[in-house]
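Engineer: The sequence and its predicted three-dimensional model are supplied below.
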Amino acid sequence: MNTRKSKMAGEEAGMVPTVDRDELFKRNLKAFEAPYPGLHKELAAIDEVHSELVFDEDGEPDIEFRGTGLYSQGAKKYAEAQLEDYWKNPLRIRFNPPQNTSLDDVGSEFNFRMLRKAVDSGIEFAGGPVNRKSFYLIVFGVGLGPHIDELVEMTECRGLVLVEPNREFLYHSLFVFDWVGLFERFDQAGMQIYVCSAQHHEGIHLEIRNFVRTTCAAFFDGTQIYTHYNNSIMDVAQRDLRDDAGLFLSGLGFLEDEILMIKNSFENLKEYDSHTYARADRISSLPAMVIGCGPSLDKSLDVIKQNRDRAILVSCGTTLGVLLANGIVPDFQIEMENVDLVFELMTDKAAKHDLSDICLVASTTIEPGVANLFPKKALFFRHSLGSWEVFNQGPESGLQDVGPTVTNAGFSFAQEIGCREVYLVGVDYGSTRLDRHHAADSDYKDGGKAENTNEWGAQRPGNFGGNVHTHHVFLWARATIEQSIRRYRRGRTYFNCSDGIAIDGALPKMPKTLSLSSDVDKVAELKAIMDGFPRYSAEKFEDSWFAEDWAENVDGLCDELLKRCEIEDESYPNRYLMEIARVIIPPDGNIGAQHLMIRGSMQMVLISASFYLSRVTDPEKLSEMEAIVRGEVVQIIKDMKKEAGDFLRGLWEGSKPAWAE
């Protein structure tokens, strides 16, 4: 039935006339056009619906489907009762107190100084937020929207996510809910609203995470989660959201690491005369095996040997040692870690094995010297790092999904060279046994040079059934691979031959069943891939490094942050923290190297600041805590300005050519 001719039982009871509801519908629909063009098109195209917008004798709306109402007692009455129950025990995201082990040097120093002054002032903290306020509010289910205004009022949220997979519910809401007013309310600096209409739990989870990460993940602690009605898709998405909440704060970056990666890129590129990576619009006639160093690799080595002439072998990180020890020479070796251990391990491999037939595909940020061990190589530029903004050679010069593990980079590489079939081997992201974390011949074995620092803290469904032990980094890596699969799903097939956690989009396949057939000239195919990589030069290096005064850019950004610290707002005392977030993560997306260098550590500062400000037990002490936090934020920004500026100026002065004097 067309809802524009819905039952209007409450019209005699003082309801807004039908013509006015039609006008409200038009205004609301128009409001969706700019921010959500795809959803707007879907809603505008609806003509016949299976449910019905109805009104009771009191004029309260409901959605009726086959004689059953969504609310049964009217939307307003239902929402009032539901909200009353919710406020008795709100569902919130709660993190543990920030620890020095989870913070970088900048965050740790800020945390220590802030808490020391708080303790000296006799300020005490509760185990959770002491009031209903939360920066983020995530609402699962819009329905007709009777609950939204009160939730927004009570939480004073700055970031609102409304999840509604049911198109008809959204359509009906256009007749009775003031969407225009809600959008206008959030149309001001520092406030954002996102309507998530994804119809699969994966899409909902991904869109929420992207929204939080692109606004400011530092304020995610304390997030309110409200369920308006039960729906299996939203239930799974909410469960995933709560289970993986820690991933929202993963990989924020930190200043010390950014400095190291710019330094390594500088050293690797200043005299580099070989290839750099470039994504090409091509199709490879060979499948790829992306090989990780998980425990299940041990049982797949014979299968790799049997199929190595009929597939492109992509070795990831420490996998190389296992393959070489078992007589397998991969075609490509992927590296991205910026630690000196990589150079030590690779030097050892080069002394024992011939690496001349292996092409190194590595980030420019790797430890200097590693690239020199491989006659064939192509360096890629890592997105979302300061080094990318300084040195990149265009959007095609970087792999799209590089981290958090090197297998993510290897998987992206296999996709981007055009392989239509990709087989994951030894990419376990966990283990079926608590005492096994890597393949037997890896550098992580007892007495090996590499140390396993991750502990199992979770279990997830296994690729071949049962549960698999895993941890948050591997869960993050899996989520990234699943995102990569969705990006390149059309016309491609992915197989998971690993005895680890299940990966959505990759079909489980026992390694012993893998038997590839191909008459493609593999040597010619590998040459074609390499020929597509451009040469680097000293001119390209100078064009990048001397393009801007990078130290001056950092100074300008930090000065802007210090100005934000002067903002006073009695109605919202912590507005300056929100404004700091808007500076380091600009809403317009105009991000430079200075933002990428500073923002990770700055977000760690914001994590600690917002965590403790929301937990001050004595209201009389809150203003004192706010003053302590503001003072320490100012000082830590000054510290970062000096550290980053001194580093960049030193590197600049030591490399300046005669023409730049």
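Structural biologist: Structure's in. What do you need? Numbers count the residues shown, from 1 in each chain.
Engineer: Share the number of residues neighbouring the residue nearest to residue 371 when sequence neighbours are not counted, please.
Structural biologist: Sequence neighbours aside, residue 377 is the residue nearest to residue 371 in space, at 5.2 Å (criterion: C-beta to C-beta, 6 or more residues apart in numbering). The way it works is simple: take the backbone N, C-alpha and C, and place the C-beta from them, glycine included. Other residues near residue 377 come to 23 when the count uses other C-beta atoms under 10 Å.
Engineer: how close does residue 377 sit to residue 346?
Structural biologist: With the distance defined as C-beta to C-beta, to the nearest Å, residue 377 ends up 12 Å from residue 346.
Engineer: Tell me if I am right that residue 137 is in a strand.
Structural biologist: Yes. Assigned with DSSP: H, G, I helix; E, B strand; the rest coil, residue 137 falls within a strand.
Engineer: Bridged to it, which residues?
Structural biologist: Note on residue 137: beta-bridge partners by DSSP bridges are residue 160, residue 224.
Engineer: Confirm for me that it is in contact with residue 151.
Structural biologist: Yes. At 5.9 Å, residue 137 counts as touching residue 151 under the criterion of C-beta atoms under 8 Å.
Engineer: Flag every buried residue along whichever helix in the chain runs longest.
Structural biologist: Using DSSP state H, we find that the single longest helix of the chain is helix 622-655. By neighbour count on 16 or more other C-beta atoms under 10 Å, the buried set for helix 622-655 is 624-626, 628-630, 632-633, 636-637, 639-641, 643-645, 647-649, 651-652.
Engineer: do stretch 270-278 as well
Structural biologist: Under the neighbour-count criterion of 16+ other C-beta under 10 Å, stretch 270-278 has 272, 274, 275, 276, 277, 278 buried.
Engineer: what's the closest non-adjacent residue to the fifth one?
Structural biologist: Think residue 277. The shortest distance from residue 277 to any residue other than its chain neighbours is 3.7 Å, reached at residue 380 (C-beta to C-beta, 6+ apart).
Engineer: tell me the pLDDT at the one you found?
Structural biologist: Reading off the confidence values, residue 380 has pLDDT 97.
Engineer: repeat for residue 447
Structural biologist: We have a pLDDT of 46 for residue 447.
Engineer: now residue 12
Structural biologist: So residue 12 comes in at 34 (pLDDT).
Engineer: And for residue 16?
Structural biologist: With respect to pLDDT, residue 16 scores 42.
Engineer: Quick check, residue 95 in contact with residue 611.
Structural biologist: Yes. Assessed by C-beta under 8 Å, residue 95 is found in contact with residue 611 at 7.1 Å.
Engineer: okay, the two: which has more neighbours?
Structural biologist: With neighbours defined as other C-beta under 10 Å, residue 95 and residue 611 compare such that residue 611 has more, 21 against 17.
Engineer: Would it be right to say that that one lies in a helix?
Structural biologist: Yes. Applying three-state DSSP, one finds residue 611 inside a helix.
Engineer: residue contacts, it?
Structural biologist: Counting by C-beta atoms under 8 Å, 6 or more residues apart in numbering, residue 611 touches 95, 97, 98, 221.
Engineer: Narrow the residues you listed to those that are buried.
Structural biologist: Neighbour counting with 16+ other C-beta under 10 Å marks 95, 98, 221 as buried within these.
Engineer: how much distance is there from stretch 515-528 to the middle of the chain?
Structural biologist: With C-alpha atoms, centre = their mean, to the nearest Å as the basis, stretch 515-528 stands 35 Å off its chain's centre.
Engineer: And it, end to end?
Structural biologist: This stretch, stretch 515-528, spans 25 Å end to end (C-alpha to C-alpha, to the nearest Å).
Engineer: How about residue 416: what's its closest non-neighbour residue?
Structural biologist: Among residues not flanking residue 416 along the chain, residue 279 sits closest, at 4.9 Å (C-beta to C-beta, 6+ apart).
Engineer: Ok, residue 486 next?
Structural biologist: Excluding its sequence neighbours, the residue lying closest to residue 486 (C-beta to C-beta, 6+ apart) is residue 505, at 6.7 Å.
Engineer: TSV for the buried residues of stretch 270-278, including pLDDT, distance to residue 408 and secondary structure?
Structural biologist: Putting the buried residues of stretch 270-278 into TSV (pLDDT from 0 to 100; distance: C-beta to C-beta, whole Å; DSSP: H, G, I helix; E, B strand; the rest coil) gives the following:
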residue	pLDDT	distance to residue 408	secondary structure
272	93	24	coil
274	94	24	coil
275	96	22	strand
276	97	20	strand
277	97	15	coil
278	96	19	coil
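Engineer: between those, which is nearest residue 537?
Structural biologist: residue 272 (8.4 Å; C-beta to C-beta).
Engineer: I figured that closest one hits residue 539, correct?
Structural biologist: No. With contacts counted by C-beta under 8 Å, residue 272 stays clear of residue 539, the gap being 11.8 Å.
Engineer: quick revisit: so the residue nearest to residue 371, which of the three states?
Structural biologist: Following three-state DSSP, the label given to residue 377 is strand.
Engineer: got any ranges where the chain has weak pLDDT?
Structural biologist: For the chain, the stretches with pLDDT under 70 are 1-19, 443-454, 654-661.
Engineer: Would you mind giving the domain segments of it?
Structural biologist: By the assignment in automatic domain parsing, the chain contains the domains 274-446+472-536, 546-660.
Engineer: I'd like to know which of these lies nearest to residue 178.
Structural biologist: With C-beta to C-beta, the closest approach to residue 178 among these belongs to domain 546-660: 23.2 Å.
Engineer: quick one: that closest one to chain centroid distance?
Structural biologist: 21 Å.
Engineer: quick revisit: joint contacts of residue 95 and residue 611?
Structural biologist: Common neighbours of residue 95 and residue 611 (criterion: C-beta under 8 Å, 6+ apart): residue 221.
Engineer: can you map out the strands along the stretch 401-550 of the chain?
Structural biologist: 421-425, 458-461, 467-470, 493-496, 507-508 (DSSP state E, counting those that start in this stretch).
Engineer: Show me what the host helix or strand of residue 212 packs onto, helices and strands only.
Structural biologist: Under the criterion of DSSP states H and E, residue 212 resides in helix 201-215. Where contact means 3 or more C-beta pairs under 8 Å, 6 or more residues apart in numbering; DSSP states H and E, helix 201-215 is packed against strand 159-163, strand 192-196, helix 232-243, helix 472-487.
Engineer: now, of those, which is deepest in the fold?
Structural biologist: strand 159-163 (a mean of 23; mean count of other C-beta atoms under 10 Å).
Engineer: Need the residues that contact that one.
Structural biologist: By C-beta under 8 Å, 6+ apart, strand 159-163 touches 135-142, 148, 152, 186, 191-196, 198, 204, 208, 211-212, 215, 219, 234, 237.
Engineer: what's the following helix or strand after it?
Structural biologist: Note on strand 159-163: by DSSP H and E, the next helix or strand toward the C-terminus is helix 167-173.
Engineer: Please spell out which residues along the one helix or strand residue 305 maps to are buried.
Structural biologist: Using DSSP H and E, residue 305 sits within helix 301-307. For helix 301-307, a neighbour-count test (16+ other C-beta under 10 Å) marks 301, 303, 304, 307 as buried.
Engineer: which is the next helix or strand following that helix?
Structural biologist: Following helix 301-307 toward the C-terminus (DSSP H and E): strand 312-316.
Engineer: Pull out the buried residues from whichever helix or strand comes after that following strand.
Structural biologist: Sequence order places helix 319-325 as the next helix or strand after strand 312-316, per DSSP H and E. Neighbour counts over helix 319-325 (16+ other C-beta under 10 Å) mark 319, 320, 321, 322, 323, 324, 325 as buried.
Engineer: same thing with stretch 113-132?
Structural biologist: Neighbour counts over stretch 113-132 (16+ other C-beta under 10 Å) mark 114, 115, 117, 118, 123, 125, 129, 130, 132 as buried.
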